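> I need the structure of the sequence given here:
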Amino acid sequence: QLQLVESGGGLVQPGGSLRLSCAASGFTLYYYAIGWFRQAPGKEREGVSCFSSGGSSNYADSVKGRFTISRDNAKNTVYLQMNSLKPEDAAIYYCAADGILFRQCQLSAHEYDYWGQGTQVTVSS
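Numbers count the residues shown, from 1 in each chain. Alright, predicted model coming up:
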């Protein structure tokens, strides 16, 4: 059974850092595009970053230079390193997997077929 499990969320002060993890089971992440999305209360889900099977990555303008996506093939896990966090980064963060092999990743949620349960990120002093 294909499953994605996020972890690493929590409460952090503005300017702080967190690293989110997305562990996959039931399939091999390497072959699929993986995306990180977030949704704040009252707002639509937005794409944050994604990682293509070929190794290319993409970022939303709002997080460029602060967030870094990476993949550990041995652990079948994708990470999102978040630095210089701002209050507006607070949201539930989800990882998602494309259901089609070898596609370039997109920051559009409708391109993804499998979703994790989300992890809460709170940025507050």
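
> Do a quick rundown of the strands in the chain.
Secondary structure of the chain (DSSP state E): strands at 3-7, 10-12, 18-25, 34-39, 46-51, 57-59, 67-72, 77-82, 91-97, 114-115, 119-123.

> Quick one: closest of those strands to Gln106.
Evaluated with Cβ to Cβ, these place strand 46-51 nearest to Gln106, the distance being 6.6 Å. Backbone N, C-alpha and C define where each C-beta goes, glycine included.

> average pLDDT across that closest one?
The average pLDDT within strand 46-51 is 97.

> Over to stretch 104-118?
pLDDT averaged over stretch 104-118 gives 96.

> if we can go back for a sec, which one, of the strands of the chain, ends up nearest to Leu107?
Leu107 sits nearest to strand 46-51 of all the strands of the chain, at 2.9 Å, using Cβ to Cβ.

> what are the pairing partners of the closest one, and which direction each?
Applying DSSP bridges, strand 46-51 is found paired with strand 34-39 (antiparallel), strand 57-59 (antiparallel).
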